[in-house]
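[1] this one's sequence-less:
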(Lines give C-alpha, C1' and ligand atoms only; values in the text may rest on other atoms or scores of the structure.)
Protein backbone atom coordinates (compact mmCIF):
# COMPACT_ATOMS: atom_id res chain seq x y z
CA UNK A 1 0.00 0.00 0.00
CA UNK A 2 1.01 3.64 -0.39
CA UNK A 3 3.26 4.85 2.39
CA UNK A 4 3.77 8.34 3.73
CA UNK A 5 7.28 8.59 2.32
CA UNK A 6 7.23 11.38 -0.25
CA UNK A 7 9.59 13.73 -2.02
CA UNK A 8 8.92 16.99 -3.83
CA UNK A 9 11.07 17.21 -6.95
CA UNK A 10 12.24 20.79 -7.19
CA UNK A 11 13.82 22.58 -10.13
CA UNK A 12 17.30 21.94 -8.82
CA UNK A 13 16.62 18.25 -8.20
CA UNK A 14 15.10 17.73 -11.63
CA UNK A 15 18.03 19.49 -13.25
CA UNK A 16 20.34 17.22 -11.28
CA UNK A 17 18.49 14.15 -12.53
CA UNK A 18 18.80 15.37 -16.10
CA UNK A 19 22.49 16.05 -15.66
CA UNK A 20 23.02 12.61 -14.17
CA UNK A 21 21.18 10.98 -17.08
CA UNK A 22 23.31 12.86 -19.56
CA UNK A 23 26.49 11.82 -17.74
CA UNK A 24 25.56 8.14 -17.77
CA UNK A 25 24.49 8.23 -21.41
CA UNK A 26 20.80 7.53 -20.81
CA UNK A 27 19.03 7.43 -24.18
CA UNK A 28 16.91 10.48 -25.04
CA UNK A 29 17.99 12.37 -21.88
CA UNK A 30 17.17 15.70 -23.45
CA UNK A 31 13.60 16.64 -22.54
CA UNK A 32 13.13 19.38 -25.10
CA UNK A 33 12.60 21.99 -22.38
CA UNK A 34 13.76 23.10 -18.98
CA UNK A 35 13.79 20.01 -16.77
CA UNK A 36 12.13 21.13 -13.57
CA UNK A 37 9.45 21.27 -11.05
CA UNK A 38 8.75 24.81 -9.91
CA UNK A 39 10.64 24.56 -6.66
CA UNK A 40 7.35 24.78 -4.78
CA UNK A 41 6.24 22.44 -2.03
CA UNK A 42 3.19 20.96 -3.71
CA UNK A 43 2.16 19.58 -7.08
CA UNK A 44 -0.44 22.34 -7.32
CA UNK A 45 2.35 24.90 -7.59
CA UNK A 46 4.00 23.04 -10.44
CA UNK A 47 6.22 20.66 -8.47
CA UNK A 48 6.14 16.90 -8.96
CA UNK A 49 5.43 14.91 -5.81
CA UNK A 50 7.08 11.49 -5.59
CA UNK A 51 5.82 8.91 -3.09
CA UNK A 52 6.73 5.32 -2.34
CA UNK A 53 3.76 3.25 -3.53
CA UNK A 54 4.86 -0.30 -2.81
CA UNK A 55 7.46 -3.03 -3.33
CA UNK A 56 7.38 -5.88 -5.83
CA UNK A 57 8.07 -9.49 -4.83
CA UNK A 58 11.64 -9.19 -6.14
CA UNK A 59 12.31 -6.20 -3.88
CA UNK A 60 11.96 -3.49 -6.54
CA UNK A 61 10.44 -0.29 -5.19
CA UNK A 62 7.56 1.35 -7.04
CA UNK A 63 6.89 5.08 -6.82
CA UNK A 64 3.83 7.20 -7.45
CA UNK A 65 4.30 10.62 -9.03
CA UNK A 66 1.73 13.42 -8.85
CA UNK A 67 1.68 16.43 -11.15
CA UNK A 68 -0.93 19.16 -11.38
CA UNK A 69 -1.57 21.99 -13.81
CA UNK A 70 -4.56 24.28 -13.95
CA UNK A 71 -7.59 22.22 -12.99
CA UNK A 72 -6.09 18.83 -13.87
CA UNK A 73 -4.23 16.45 -11.53
CA UNK A 74 -2.45 13.31 -12.73
CA UNK A 75 -0.99 10.43 -10.69
CA UNK A 76 1.36 7.97 -12.41
CA UNK A 77 3.11 4.82 -11.16
CA UNK A 78 6.62 3.83 -12.17
CA UNK A 79 5.23 0.28 -12.44
CA UNK A 80 3.84 -0.05 -15.95
CA UNK A 81 3.75 3.72 -16.46
CA UNK A 82 0.24 3.36 -15.06
CA UNK A 83 -2.13 6.33 -14.95
CA UNK A 84 -3.49 5.65 -11.46
CA UNK A 85 -5.80 8.65 -11.41
CA UNK A 86 -6.74 11.61 -13.57
CA UNK A 87 -8.79 14.28 -11.84
CA UNK A 88 -10.78 16.85 -13.81
CA UNK A 89 -13.62 19.19 -12.75
CA UNK A 90 -17.30 18.96 -13.59
CA UNK A 91 -19.47 21.91 -14.68
CA UNK A 92 -19.58 23.12 -11.06
CA UNK A 93 -15.80 23.00 -10.65
CA UNK A 94 -15.86 19.84 -8.51
CA UNK A 95 -12.90 17.67 -9.36
CA UNK A 96 -13.18 13.87 -9.57
CA UNK A 97 -11.02 10.98 -10.70
CA UNK A 98 -12.26 9.79 -14.11
CA UNK A 99 -9.90 6.80 -14.57
CA UNK A 100 -10.27 3.30 -13.15
CA UNK A 101 -7.54 1.82 -10.97
CA UNK A 102 -6.44 0.52 -7.57
CA UNK A 103 -5.06 2.08 -4.41
CA UNK A 104 -2.42 -0.63 -3.81
CA UNK A 105 0.35 -2.22 -5.85
CA UNK A 106 -0.63 -5.84 -5.16
CA UNK A 107 -3.97 -5.36 -6.92
CA UNK A 108 -2.25 -4.04 -10.05
CA UNK A 109 0.11 -7.01 -10.10
CA UNK A 110 -2.58 -9.63 -9.42
CA UNK A 111 -5.79 -8.32 -10.96
CA UNK A 112 -5.39 -5.45 -13.36
CA UNK A 113 -6.89 -5.69 -16.87
CA UNK A 114 -4.26 -3.13 -18.02
CA UNK A 115 -5.78 -0.26 -16.01
CA UNK A 116 -4.00 2.94 -17.10
CA UNK A 117 -0.94 1.09 -18.37
CA UNK A 118 1.64 1.80 -21.05
CA UNK A 119 1.26 -0.96 -23.62
CA UNK A 120 4.10 -2.42 -25.68
CA UNK A 121 5.91 -3.60 -27.56
CA UNK A 122 2.77 -4.20 -29.53
CA UNK A 123 -0.59 -2.86 -28.42
CA UNK A 124 -3.55 -5.10 -29.24
CA UNK A 125 -3.50 -8.61 -30.73
CA UNK A 126 -1.15 -10.52 -33.02
CA UNK A 127 -2.67 -13.66 -34.51
CA UNK A 128 -1.30 -16.92 -33.10
CA UNK A 129 1.54 -14.91 -31.59
CA UNK A 130 3.61 -15.13 -34.75
CA UNK A 131 4.82 -12.83 -37.50
CA UNK A 132 7.50 -12.93 -40.18
CA UNK A 133 9.90 -10.03 -40.72
CA UNK A 134 12.62 -9.98 -43.38
CA UNK A 135 12.10 -13.67 -43.95
CA UNK A 136 12.46 -14.72 -40.30
CA UNK A 137 9.56 -16.01 -38.23
CA UNK A 138 9.15 -14.80 -34.65
CA UNK A 139 7.14 -16.48 -31.90
CA UNK A 140 5.54 -14.40 -29.13
CA UNK A 141 3.85 -15.56 -25.92
CA UNK A 142 0.25 -16.72 -26.31
CA UNK A 143 -1.75 -14.95 -23.59
CA UNK A 144 -5.20 -14.27 -25.07
CA UNK A 145 -6.87 -17.40 -26.38
CA UNK A 146 -4.76 -18.46 -29.37
CA UNK A 147 -3.20 -15.00 -29.77
CA UNK A 148 -0.65 -12.65 -28.26
CA UNK A 149 -2.10 -9.55 -26.58
CA UNK A 150 -0.45 -6.25 -25.56
CA UNK A 151 3.13 -7.44 -25.94
CA UNK A 152 2.81 -10.81 -24.19
CA UNK A 153 2.44 -12.04 -20.64
CA UNK A 154 5.09 -9.62 -19.40
CA UNK A 155 4.64 -6.59 -21.61
CA UNK A 156 5.66 -3.02 -20.88
CA UNK A 157 2.76 -2.75 -18.42
CA UNK A 158 4.53 -5.16 -16.03
CA UNK A 159 7.95 -3.47 -15.88
CA UNK A 160 9.21 -0.64 -13.69
CA UNK A 161 10.12 2.46 -15.72
CA UNK A 162 12.59 5.18 -14.80
CA UNK A 163 10.76 8.48 -14.25
CA UNK A 164 11.91 12.11 -14.28
CA UNK A 165 9.90 15.30 -13.78
CA UNK A 166 10.18 18.21 -16.20
CA UNK A 167 8.81 21.66 -16.86
CA UNK A 168 8.63 23.20 -20.32
CA UNK A 169 7.34 26.75 -20.17
CA UNK A 170 3.92 26.55 -18.52
CA UNK A 171 3.64 22.78 -19.11
CA UNK A 172 4.59 20.18 -16.48
CA UNK A 173 5.21 16.53 -17.01
CA UNK A 174 6.95 13.23 -16.47
CA UNK A 175 9.40 11.44 -18.76
CA UNK A 176 9.34 7.64 -18.54
CA UNK A 177 12.10 5.49 -20.02
CA UNK A 178 13.03 1.86 -20.39
CA UNK A 179 15.18 -0.29 -22.65
CA UNK A 180 13.56 -3.49 -23.88
CA UNK A 181 16.33 -6.01 -24.65
CA UNK A 182 16.61 -7.96 -27.88
CA UNK A 183 14.37 -11.02 -27.65
CA UNK A 184 12.14 -9.74 -24.84
CA UNK A 185 8.78 -11.51 -25.22
CA UNK A 186 10.13 -12.85 -28.53
CA UNK A 187 10.46 -9.46 -30.23
CA UNK A 188 13.67 -8.72 -32.16
CA UNK A 189 15.93 -5.75 -31.49
CA UNK A 190 16.92 -3.71 -28.46
CA UNK A 191 14.18 -1.08 -28.25
CA UNK A 192 14.90 2.18 -26.42
CA UNK A 193 11.64 3.85 -25.40
CA UNK A 194 10.74 7.28 -24.07
CA UNK A 195 7.22 8.37 -23.15
CA UNK A 196 6.31 11.88 -21.98
CA UNK A 197 3.14 12.47 -19.96
CA UNK A 198 2.43 16.22 -20.05
CA UNK A 199 -0.22 18.42 -18.47
CA UNK A 200 -0.37 21.54 -20.59
CA UNK A 201 -1.13 25.04 -19.35
CA UNK A 202 -4.68 24.50 -20.64
CA UNK A 203 -5.04 21.30 -18.59
CA UNK A 204 -4.75 18.92 -21.55
CA UNK A 205 -3.24 15.47 -20.96
CA UNK A 206 -0.72 14.80 -23.72
CA UNK A 207 1.19 11.56 -24.36
CA UNK A 208 4.26 11.54 -26.63
CA UNK A 209 5.87 8.21 -27.53
CA UNK A 210 9.33 7.77 -29.04
CA UNK A 211 11.37 4.63 -29.76
CA UNK A 212 14.49 3.49 -31.62
CA UNK A 213 15.85 0.04 -32.34
CA UNK A 214 19.15 -1.63 -33.29
CA UNK A 215 17.40 -4.35 -35.34
CA UNK A 216 14.27 -4.43 -37.46
CA UNK A 217 11.22 -4.97 -35.25
CA UNK A 218 7.53 -4.12 -34.94
CA UNK A 219 6.21 -1.45 -32.57
CA UNK A 220 2.73 -0.26 -31.63
CA UNK A 221 2.68 1.71 -28.36
CA UNK A 222 -0.44 2.97 -26.62
CA UNK A 223 -2.01 3.74 -23.25
CA UNK A 224 -4.85 1.70 -21.77
CA UNK A 225 -6.61 4.11 -19.41
CA UNK A 226 -10.23 3.20 -18.65
CA UNK A 227 -12.47 6.28 -18.46
CA UNK A 228 -15.75 7.10 -16.78
CA UNK A 229 -16.39 10.83 -17.05
CA UNK A 230 -19.01 10.69 -14.30
CA UNK A 231 -16.24 9.57 -11.97
CA UNK A 232 -14.51 6.29 -11.22
CA UNK A 233 -16.87 3.81 -9.54
CA UNK A 234 -20.02 5.71 -10.52
CA UNK A 235 -21.57 2.98 -12.65
CA UNK A 236 -22.28 2.49 -16.33
CA UNK A 237 -20.86 4.61 -19.15
CA UNK A 238 -23.68 3.70 -21.54
CA UNK A 239 -25.24 7.18 -21.15
CA UNK A 240 -22.03 8.90 -22.30
CA UNK A 241 -22.54 10.54 -25.69
CA UNK A 242 -19.85 9.69 -28.24
CA UNK A 243 -18.82 10.87 -31.69
CA UNK A 244 -15.97 9.26 -33.68
CA UNK A 245 -14.83 10.52 -37.08
CA UNK A 246 -14.48 7.05 -38.60
CA UNK A 247 -16.48 5.75 -41.56
CA UNK A 248 -14.84 2.31 -41.35
CA UNK A 249 -13.74 -0.23 -38.78
CA UNK A 250 -11.85 -3.53 -38.85
CA UNK A 251 -14.19 -6.52 -38.31
CA UNK A 252 -12.75 -9.46 -36.38
CA UNK A 253 -13.06 -13.22 -36.20
CA UNK A 254 -14.26 -15.02 -33.09
CA UNK A 255 -10.78 -14.66 -31.50
CA UNK A 256 -10.89 -10.85 -32.09
CA UNK A 257 -8.27 -10.89 -34.87
CA UNK A 258 -9.04 -8.58 -37.84
CA UNK A 259 -10.27 -10.31 -40.97
CA UNK A 260 -8.41 -7.78 -43.15
CA UNK A 261 -11.57 -6.02 -44.27
CA UNK A 262 -12.10 -2.30 -43.75
CA UNK A 263 -15.87 -2.40 -43.33
CA UNK A 264 -18.24 0.55 -43.40
CA UNK A 265 -19.84 1.50 -40.08
CA UNK A 266 -23.04 2.68 -41.78
CA UNK A 267 -26.04 0.65 -40.63
CA UNK A 268 -24.11 -1.05 -37.79
CA UNK A 269 -23.73 -0.49 -34.02
CA UNK A 270 -20.26 0.91 -34.84
CA UNK A 271 -21.61 4.06 -36.49
CA UNK A 272 -20.66 6.95 -34.20
CA UNK A 273 -20.22 9.52 -36.98
CA UNK A 274 -23.11 11.41 -35.41
CA UNK A 275 -23.25 11.72 -31.64
CA UNK A 276 -25.15 8.97 -29.87
CA UNK A 277 -25.16 7.27 -26.49
CA UNK A 278 -22.53 4.54 -26.16
CA UNK A 279 -25.16 2.04 -25.01
CA UNK A 280 -27.79 2.80 -27.64
CA UNK A 281 -26.95 -0.08 -29.99
CA UNK A 282 -24.69 -2.20 -27.79
CA UNK A 283 -27.35 -4.89 -27.21
CA UNK A 284 -28.01 -5.43 -30.91
CA UNK A 285 -27.61 -9.00 -32.15
CA UNK A 286 -24.82 -8.04 -34.54
CA UNK A 287 -22.20 -10.77 -35.04
CA UNK A 288 -19.33 -8.37 -34.33
CA UNK A 289 -20.93 -7.23 -31.06
CA UNK A 290 -21.41 -10.87 -30.10
CA UNK A 291 -17.73 -11.61 -30.77
CA UNK A 292 -16.61 -8.71 -28.56
CA UNK A 293 -19.39 -9.10 -25.94
CA UNK A 294 -19.89 -5.41 -26.69
CA UNK A 295 -17.62 -3.14 -28.68
CA UNK A 296 -13.92 -4.04 -28.69
CA UNK A 297 -12.88 -2.97 -32.17
CA UNK A 298 -10.40 -0.86 -34.07
CA UNK A 299 -11.88 2.19 -35.77
CA UNK A 300 -10.20 3.35 -38.98
CA UNK A 301 -9.93 7.09 -38.47
CA UNK A 302 -10.96 9.26 -41.41
CA UNK A 303 -7.91 11.48 -40.93
CA UNK A 304 -5.37 8.65 -41.40
CA UNK A 305 -1.76 9.02 -40.20
CA UNK A 306 -0.88 12.65 -39.54
CA UNK A 307 2.32 14.46 -38.58
CA UNK A 308 0.48 16.39 -35.85
CA UNK A 309 -2.37 15.29 -33.59
CA UNK A 310 -5.75 15.80 -35.25
CA UNK A 311 -9.10 15.63 -33.49
CA UNK A 312 -11.19 12.51 -34.12
CA UNK A 313 -13.38 11.99 -31.05
CA UNK A 314 -15.64 13.78 -28.60
CA UNK A 315 -17.31 12.14 -25.60
CA UNK A 316 -19.69 13.88 -23.16
CA UNK A 317 -21.11 12.78 -19.82
CA UNK A 318 -24.44 14.63 -19.44
CA UNK A 319 -24.84 14.67 -15.65
CA UNK A 320 -21.40 16.09 -14.78
CA UNK A 321 -21.08 18.05 -18.02
CA UNK A 322 -17.53 16.74 -18.52
CA UNK A 323 -16.32 16.61 -22.12
CA UNK A 324 -13.22 14.85 -23.42
CA UNK A 325 -11.87 15.45 -26.91
CA UNK A 326 -9.05 13.30 -28.27
CA UNK A 327 -6.57 14.12 -31.04
CA UNK A 328 -3.87 11.80 -32.33
CA UNK A 329 -1.29 11.20 -35.03
CA UNK A 330 -2.33 7.52 -35.25
CA UNK A 331 -4.54 6.00 -37.99
CA UNK A 332 -6.70 3.94 -35.63
CA UNK A 333 -8.28 3.77 -32.20
CA UNK A 334 -9.50 0.71 -30.30
CA UNK A 335 -12.83 1.53 -28.70
CA UNK A 336 -13.51 -0.89 -25.84
CA UNK A 337 -16.63 -0.73 -23.68
CA UNK A 338 -15.33 -2.53 -20.60
CA UNK A 339 -16.95 -5.80 -21.66
CA UNK A 340 -14.72 -8.03 -19.54
CA UNK A 341 -15.06 -6.18 -16.24
CA UNK A 342 -16.65 -8.97 -14.23
CA UNK A 343 -17.36 -7.53 -10.79
CA UNK A 344 -14.57 -9.56 -9.21
CA UNK A 345 -12.60 -6.65 -7.74
CA UNK A 346 -13.07 -3.12 -6.46
CA UNK A 347 -11.23 0.05 -7.44
CA UNK A 348 -9.91 3.15 -5.70
CA UNK A 349 -13.41 4.25 -4.61
CA UNK A 350 -14.13 0.87 -3.03
CA UNK A 351 -16.82 0.24 -5.64
CA UNK A 352 -16.91 -2.99 -7.66
CA UNK A 353 -16.27 -2.63 -11.41
CA UNK A 354 -18.80 -4.35 -13.66
CA UNK A 355 -19.32 -4.69 -17.39
CA UNK A 356 -19.80 -1.33 -19.03
CA UNK A 357 -18.47 0.70 -16.10
CA UNK A 358 -15.74 2.31 -18.24
CA UNK A 359 -14.50 2.67 -21.79
CA UNK A 360 -10.98 2.68 -23.22
CA UNK A 361 -9.84 4.50 -26.36
CA UNK A 362 -6.44 3.18 -27.36
CA UNK A 363 -4.90 5.20 -30.20
CA UNK A 364 -2.86 2.85 -32.35
CA UNK A 365 -1.89 1.27 -35.63
CA UNK A 366 -4.23 -1.58 -36.47
CA UNK A 367 -4.26 -4.93 -34.64
CA UNK A 368 -2.29 -7.76 -36.25
CA UNK A 369 -0.65 -5.38 -38.72
CA UNK A 370 2.53 -7.54 -38.96
CA UNK A 371 0.33 -10.25 -40.56
CA UNK A 372 -1.87 -7.92 -42.62
CA UNK A 373 0.07 -6.46 -45.60
CA UNK A 374 -2.80 -4.11 -46.51
CA UNK A 375 -2.69 -2.39 -43.08
CA UNK A 376 -0.33 0.54 -42.33
CA UNK A 377 3.09 -0.88 -41.46
CA UNK A 378 4.32 -1.11 -37.86
CA UNK A 379 7.91 -2.05 -38.84
CA UNK A 380 10.68 0.02 -37.25
CA UNK A 381 14.25 -0.24 -38.56
CA UNK A 382 17.63 0.96 -37.29
CA UNK A 383 18.11 4.65 -38.04
CA UNK A 384 14.39 5.34 -37.88
CA UNK A 385 12.53 6.87 -34.92
CA UNK A 386 9.04 5.80 -33.95
CA UNK A 387 6.93 8.78 -32.86
CA UNK A 388 3.30 8.99 -31.85
CA UNK A 389 1.27 11.64 -29.99
CA UNK A 390 -2.19 11.63 -28.44
CA UNK A 391 -3.82 14.61 -26.69
CA UNK A 392 -6.81 14.45 -24.34
CA UNK A 393 -8.54 17.83 -23.90
CA UNK A 394 -11.13 18.49 -21.19
CA UNK A 395 -13.95 21.00 -20.85
CA UNK A 396 -17.53 21.18 -19.56
CA UNK A 397 -20.91 22.05 -20.97
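    Right, received. Where do you want to start? Only a predicted model underlies this, so the values are computations on that prediction, with no experimental measurement involved.
[2] Just the element for residue 288, please.
    Using DSSP states H and E, residue 288 maps to helix 287-292.
[3] what's the residue nearest to residue 195 when sequence neighbours are not counted in contact with, if anything?
    Once flanking residues are discounted, residue 195 sits nearest to residue 176: 4.6 Å by C-beta to C-beta, 6 or more residues apart in numbering. C-betas here are computed from N, CA, C, even on glycine. Residue 176 makes contact with 76, 78, 81, 118, 161, 162, 163, 194, 195, 196, 197, according to C-beta atoms under 8 Å, 6 or more residues apart in numbering.
[4] Distance-wise, check the second one relative to residue 171.
    In this case it means residue 78. 21 Å (C-beta to C-beta, to the nearest Å).
[5] how about TSV for the contacts of residue 176, with secondary structure added?
    TSV is the format used below for these (DSSP: H, G, I helix; E, B strand; the rest coil):
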residue	secondary structure
76	strand
78	coil
81	coil
118	strand
161	coil
162	strand
163	strand
194	strand
195	strand
196	strand
197	strand
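[6] List only those of these flagged as buried.
    76, 78, 81, 118, 161, 163, 194, 195, 196, 197 (16 or more other C-beta atoms under 10 Å).
[7] Help me confirm that the third one comes into contact with residue 160.
    Translated: residue 81. No: using C-beta atoms under 8 Å, residue 81 is not in contact with residue 160; the gap is 9.4 Å.
[8] avg pLDDT for whichever helix or strand comes after the helix holding residue 288?
    Toward the C-terminus, helix 287-292 is succeeded by strand 296-300 as the next helix or strand (DSSP H and E). When pLDDT is averaged along strand 296-300, the result is 98.
[9] Show me what strand 296-300 is packed up against.
    If contacts are counted by 3 or more C-beta pairs under 8 Å, 6 or more residues apart in numbering; DSSP states H and E, strand 296-300 sits against strand 248-250, strand 332-336.
[10] from those strands, which stretch is densest packed?
    Among the helices and strands packed on strand 296-300, strand 332-336 has the highest mean neighbour count (mean count of other C-beta atoms under 10 Å), at a mean of 25.
[11] which ones are touching residue 378?
    Neighbouring residues of residue 378 by C-beta under 8 Å, 6+ apart: 122, 218, 219, 220, 365, 369, 370.
[12] Okay, the last one and residue 51: tell me how far apart.
    It refers to residue 370. As for residue 370, its distance to residue 51 is 39 Å (criterion: C-beta to C-beta).
[13] So for the two, which residue has more residues nearby?
    Remark: of residue 370 and residue 51, residue 370 carries more neighbours, 23 against 15, as counted by other C-beta atoms under 10 Å.
[14] Show me how the protein divides into domains.
    Using automatic domain parsing, the domain ranges for the chain come out as 6-120+150-212, 226-392.
[15] Show me where the stretch 1-150 of the chain has its strands.
    6-9, 48-55, 61-69, 72-77, 83-89, 95-97, 117-119, 125-126, 130-133, 136-139, 148-149 (DSSP state E, counting those that start in this stretch).
[16] Please identify which of the ones you listed is closest to residue 224.
    For residue 224, the closest of these is strand 117-119, at 5.0 Å, according to C-beta to C-beta.
[17] What about residue 315, how many residues nearby?
    23.
[18] hmm, back to that, any chance of the helices and strands packed on strand 296-300 in JSON lines, plus mean pLDDT and distance to residue 313?
    Shown next, in JSON lines, are the helices and strands packed on strand 296-300 (pLDDT from 0 to 100; distance: least, C-beta to C-beta, whole Å):
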{"stretch": "strand 248-250", "mean pLDDT": "98", "distance to residue 313": "13"}
{"stretch": "strand 332-336", "mean pLDDT": "98", "distance to residue 313": "7"}
